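Trainee: predicted model and sequence below, questions to follow.
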Amino acid sequence: MLPPAAWSETERMVVAAVDVALKKLRPKLDAYHRMIYDEGTYPEELWGVLAELGLFGALVPEAYGGTGLGLTAMTIAMERLAAHGLANVLAVLTTMDALAIVRGGTEAQKRRFLPPIAEGRLKMAFAITEPEAGTNSFNIRTFARREGSGYRLDGHKAWITGADRADWIVVVARTMPAEEAERSFGSRRHGLGLFLVENGTPGLSLQPMETVGIEGFGQFVVYFDGVKVPEEARIGPEHRGTEVLFHALNPERILFAAKGVGMAELALMRAAAYARERRVFGETPIGAYQGVQHPLARLFAEKEAARLLTYEAARAYDRGAPGRDVGLWASMAKLLASETAFRAVDQAIQTHGGNGFAKEYRFIQMLAPARLMKTAPVNNEMLLNFIAERALDLPRSY
């Protein structure tokens, strides 16, 4: 953990508030873990805790009911929750969607959506991924076609987390074919739109996917069959939704990095506690053996390095640093945090031996979410491409 001197006064207050809330929840942790890891349900009560702390308003201006605490505050909360096995991915997505509205929304959109988000009364999911458009989002086929005074949405998305729990879904769709966008704007990156679609709108349907990896939340295929969307539901200028989208991607990566740091913390602290007590040969605890000590110590150092990168990224965002700089910090943080989290959970299983596979310890249930972070929300190979191009000035490889 960063030394206290490294925190600002506001950050120390956030840390203290989150820790007090988590201390009150400690008697319920085992029940929460059963819900999250065994039943695949995220406790609604925990959403209320975040709302009471004012964290959903961290990136919402005070004029719209926010707290103005900044991304660092939300990063602190995400790390702390993950370190207790309570990471909330829908909170990340709602924060990301709120930021899209802050950056690209109309005044009417801001007044309609931001206050209930800040109060924790409104949950949002984010729908961009499709079966043929995962890593390359510009290949999406879901189309928003002009119809009357609005749009008609047709197509489908996949791997949409928490779609059943969200009140609204921000949908990324093509507003013109990619080839036309290339002719008109010189790039396939344009010709996209972001649209606010209320869950339950006629023509919108959800199909659960048989997946693992998201703690407490399901993933869904979301179908759009002639879904009517009014023009006032579009976020940002027509055909230029990418400009809004990229403002929200860096915070998403930073918050996922915080989740990875917290997960690594949880795995390492539990592994160390077990190693201090477990005895196999005589009275010497296994934690005295360097074969057990050294992997945990190395991972602890890597976890702290990932934490420093994550907080540097969040603080750079809060300072208003150029998006290019924030993107580089965010990419490095997510890369290192996700890889460290996976290795930490794997090493915790190894430290526990056969007990690592017993469901009561819940490490084996944590392995899939830890592994998923190397693939989502963006795979680590693409992050390495980005780092190579931006930090090392190497040629584009794709």
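Mentor: Nice, thanks for sending it over. Numbering: from 1, shown residues only.
Trainee: would you check that residue 192 makes contact with residue 174?
Mentor: Yes. Between residue 192 and residue 174 there is a contact at 6.2 Å, judged by Cβ atoms under 8 Å. C-betas here are computed from N, CA, C, even on glycine.
Trainee: quick check: neighbours shared by those two?
Mentor: Shared contacts of residue 192 and residue 174 (Cβ atoms under 8 Å, 6 or more residues apart in numbering): residue 140.
Trainee: helices of the stretch 251-398 of the chain, start to end?
Mentor: 290-319, 323-352, 363-372, 380-392 (DSSP state H, counting those that start in this stretch).
Trainee: out of these, indicate the one that is most buried.
Mentor: Between these, helix 323-352 has the highest mean count of neighbours, a mean of 23, where neighbours are mean count of other Cβ atoms under 10 Å.
Trainee: hey, what's the angle from that one to helix 363-372? Just curious.
Mentor: Comparing the axes of helix 323-352 and helix 363-372 via axes from the mean of the first three to the mean of the last three Cα atoms, to 10 degrees yields an angle of 150 degrees.
Trainee: and helix 323-352, average pLDDT?
Mentor: In this model, helix 323-352 has a mean pLDDT of 97.
Trainee: how far off centre is it?
Mentor: 13 Å (Cα atoms, centre = their mean, to the nearest Å).
Trainee: ok, now stretch 118-135?
Mentor: 10 Å.
Trainee: then stretch 219-234?
Mentor: In terms of Cα atoms, centre = their mean, the gap separating the centre of stretch 219-234 from the centre of its chain is 22 Å.
Trainee: need the contact partners of it.
Mentor: Stretch 219-234 is contacted by residues 106, 108-109, 127, 142, 144, 147, 149-161, 163-164, 169, 171, 193-197, 201-209, 211, 241 when judged by Cβ under 8 Å, 6+ apart.
Trainee: give the buried residues for the lowest-mean-pLDDT helix or strand in the chain.
Mentor: Ranked by mean pLDDT, DSSP states H and E, the helix or strand of the chain with the weakest confidence is helix 178-185, at a mean of 86. Within helix 178-185, the residues that count as buried by 16 or more other Cβ atoms under 10 Å are 178, 181, 182.
Trainee: find the nearest non-adjacent residue to the first one, please.
Mentor: Leaving aside its chain neighbours, residue 178 sits nearest to residue 188 (4.4 Å; criterion: Cβ to Cβ, 6 or more residues apart in numbering).
Trainee: likewise for the second one?
Mentor: Take residue 181 and drop its neighbours on the chain: the residue closest to it by Cβ to Cβ, 6+ apart is residue 191, 3.0 Å away.
Trainee: swap in the last one?
Mentor: The shortest distance from residue 182 to any residue that is not its chain neighbour, by Cβ to Cβ, 6+ apart, is 5.3 Å, and that residue is residue 188.
Trainee: doesn't the one you found lie inside a strand?
Mentor: No. Residue 188: not assigned to a strand; according to DSSP: H, G, I helix; E, B strand; the rest coil it is coil.
Trainee: so how far is residue 141 from it?
Mentor: Distance of residue 188 to residue 141, computed by Cβ to Cβ, to the nearest Å: 13 Å.
Trainee: between those two, which one's more packed in?
Mentor: Neighbours per residue, other Cβ atoms under 10 Å: of residue 188 and residue 141, the larger number sits with residue 188, 18 against 15.
Trainee: can you pull the contacts of that one?
Mentor: Per Cβ under 8 Å, 6+ apart, neighbours of residue 188: 138, 178, 181, 182.
Trainee: would you convert the residues you listed into TSV that also reports distance to residue 311?
Mentor: As requested, the contacts of residue 188 are exported to TSV (distance: Cβ to Cβ, whole Å):
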residue	distance to residue 311
138	31
178	38
181	37
182	39
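Trainee: from these, which is closest to residue 360?
Mentor: Residue 360 lies nearest to residue 138 out of the contacts of residue 188, by Cβ to Cβ, at 45.2 Å.
Trainee: so that closest one touches residue 190, yeah?
Mentor: No. Counting by Cβ under 8 Å, residue 138 does not reach residue 190; the two are 9.2 Å apart.
Trainee: who are the contact partners of residue 155?
Mentor: 130, 140, 141, 142, 143, 173, 224.
Trainee: gap between residue 379 and residue 211?
Mentor: 16 Å.
Trainee: ok so, going back, any chance of the buried residues of helix 178-185 in a markdown table with distance to residue 249 as columns?
Mentor: Compiled in a markdown table, the buried residues of helix 178-185 are given as follows (distance: Cβ to Cβ, whole Å):
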| residue | distance to residue 249 |
| --- | --- |
| 178 | 19 |
| 181 | 19 |
| 182 | 22 |
